[in-house]
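Asker: Show me how the following folds:
(one chain, ligands or ions: 2)
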Amino acid sequence: KSLRVNLPDRTYDIEIGSNILGNIPAFINDKGYSNRFYVIDNNVYDLHREKLEEIIAGDGFLVIGTGEENKTFSNLEKILSSMVEAGLDRKSVLVAVGGGVTGDICGLAAALFMRGISAVQVPTTLLSQVDSSVGGKTAINLSGIKNIVGAFYQPDKVFIDIDFLKTLEKKEIMSGIGEIAKYGFIVDEDYIDYLQNNLERIEKLEDEYLLEIIFKSVDFKAQIVEKDEKESSIRKILNFGHTVGHGIELMKNVDITHGEAVAAGMILEGIIAFNRGNISKEYLQEIISLCRRIYLIPDFTEYEIDIIIENTKHDKKNVGDSINMVLPVSRGAVESFDGVTIDEIKECFRSWSN
Ligand code: NAD
Ligand code: ZN
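Answerer: Residues are numbered from 1 along each chain as shown. Ligands and ions are numbered 1, 2, ... in the order given. Model prediction:
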């Protein structure tokens, strides 16, 4: 199955299927790139070495460490210098094979190298397949702030192969489901129902359901990105769960994946919306019951809550002191609000503990 993303400067296809890696060399040949360089997630390289080496077929490649702690300037530099050493030029292509961390750094490397060369994304986690590989946001973290250095840079093509998911840890599957659930809450109530009815089949990685959920998610994301590529308006809704979520994600002593943090963020931001009288108790309960299957928020201490709020304030979406947040307004709909107060955030943690 294939989907097209239509943007003013670039149109590209997203191919979704099982066992589709063989199509990569054909695509690369058709495009006539002068040279190819692969950057591969270390775990993916270990687990899928044989089929990857078949695709790479003697081209240059670099294996990088992953996880949020590796989304760094030094990794970016390592990739860029490997690209120089590999002799890439303006007509070359960088192929990123890995999760969202690999995809985000490589997208940025491609944007920077010689002021921009082609990139192909081969996402290997559920999260990167349903979200980060589509839409052209690229970034690294710096000075404890998530995604503070980055660029909008669209790939030439995205290959989503569900076979990769078979080696993913349960926690990482649930992380992807966090972003999937978000699409329901922000744009489509029917999708909330679909997910509630089929969650177990998706958790069990049944192909038919995986393909369906990935296709729908990518379709939602592509439509939003097409309307507002640079996030000046509607694209903001994709940040539901991400403000408080990022605050938790940046906690040093909390072991949490990105999608788990988003699930936690959706619960807490849902509580803020309820406390404001924006949504009903029933709908809040629905958000909570779906998201707590993804991540169970611990009782944070007052001290930890202060750190989370401090992290939240550093979110780059904020201008000055006012905290911007995307909050639910009805089932399957959200809106962006300026001026959410620190007290409201503190209060949502208190409500959760009770
Ligand atoms: P990740 O890239 O760190 O991958 C998670 C873990 O899974 C890593 O340990 C990785 O080695 C391993 N892994 C990857 N593929 C595997 C496979 N097939 N089998 C077994 N293990 C595998 O993290 P992620 O969850 O994929 O992505 C999170 C990142 O994505 C965050 O940094 C987040 O900010 C970013 N993100 C970006 C966007 C965007 O629009 N650009 C959107 C959402 C999230
Ligand atoms: Zn996200």
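
Asker: okay, CA-based contacts and neighbour counts for the rest of this
Answerer: Noted.

Asker: from the stretch 201-350 of the chain, which residue is nearest to ligand 1?
Answerer: His258 (5.4 Å; Cα to the nearest ligand atom).

Asker: quick one: secondary structure of the closest residue to Leu296 other than its chain neighbours?
Answerer: By the measure of Cα to Cα, 6 or more residues apart in numbering, the closest residue to Leu296 outside its immediate chain neighbours is Ala264, 7.4 Å from it. With DSSP: H, G, I helix; E, B strand; the rest coil as the basis, Ala264 sits in helix.

Asker: Now do the contacts for Ala264.
Answerer: Taking Cα atoms under 8 Å, 6 or more residues apart in numbering as the criterion, Ala264 is in contact with 241, 244-245, 291-292, 295-297.

Asker: Quick check on the residues you listed: which are buried?
Answerer: 241, 244-245, 291-292, 295, 297 (16 or more other Cα atoms under 10 Å).

Asker: returning to that earlier point: ok, the residue of the stretch 201-350 of the chain closest to ligand 1 - contacts?
Answerer: 175, 249.

Asker: One more: Gly270?
Answerer: For Gly270, the set of contacting residues under the criterion of Cα under 8 Å, 6+ apart consists of 284, 287, 327-328.

Asker: Alongside ligand 1, which residues does the stretch 151-300 of the chain contribute?
Answerer: For the stretch 151-300 of the chain, the residues found near ligand 1 under the criterion Cα under 6 Å from any ligand atom are 164-165, 167-168, 258.

Asker: Just the buried residues of those residues.
Answerer: In those, the ones that pass as buried (16+ other Cα under 10 Å) are 164-165, 168, 258.

Asker: Closest one to Asp306 out of those, please.
Answerer: Minimum separation from Asp306 among these (Cα to Cα) is found for His258, which lies at 20.2 Å.

Asker: Distance from the chain centre to the host helix or strand of Leu195, please.
Answerer: Taking DSSP states H and E as the definition, Leu195 sits inside helix 189-203. In this view, helix 189-203 has its centroid 19 Å away from the chain centroid, taken as Cα atoms, centre = their mean, to the nearest Å.

Asker: same question, stretch 20-29
Answerer: Centroid displacement of stretch 20-29 relative to its chain, using Cα atoms, centre = their mean, is 24 Å.

Asker: does any part of it sit near ligand 1?
Answerer: No: residues of stretch 20-29 are not located near ligand 1 by Cα under 6 Å from any ligand atom, the shortest gap being 12.9 Å.

Asker: check contacts around Tyr194.
Answerer: Tyr194 sits next to no residue when contact means Cα under 8 Å, 6+ apart.

Asker: Once you drop chain neighbours, what's closest to Gly17?
Answerer: With Cα to Cα, 6+ apart as the measure, Asp161 is the residue that lies nearest to Gly17, at 5.3 Å, once sequence neighbours are left out.

Asker: Model confidence score at the one you found, please.
Answerer: The per-residue pLDDT reported for Asp161 equals 98.

Asker: same check, this time on the one 5 residues further on
Answerer: Reading off the per-residue confidence, Lys166 sits at a pLDDT of 97.

Asker: what about it, is that helix, strand or coil?
Answerer: When the rule is three-state DSSP, Lys166 gets the label helix.

Asker: now it: how far from Glu172?
Answerer: With distances defined as Cα to Cα, to the nearest Å, the gap from Lys166 to Glu172 amounts to 11 Å.

Asker: just Ser82 next, same as before
Answerer: Taking Cα to Cα, one finds Ser82 at 29 Å from Glu172.
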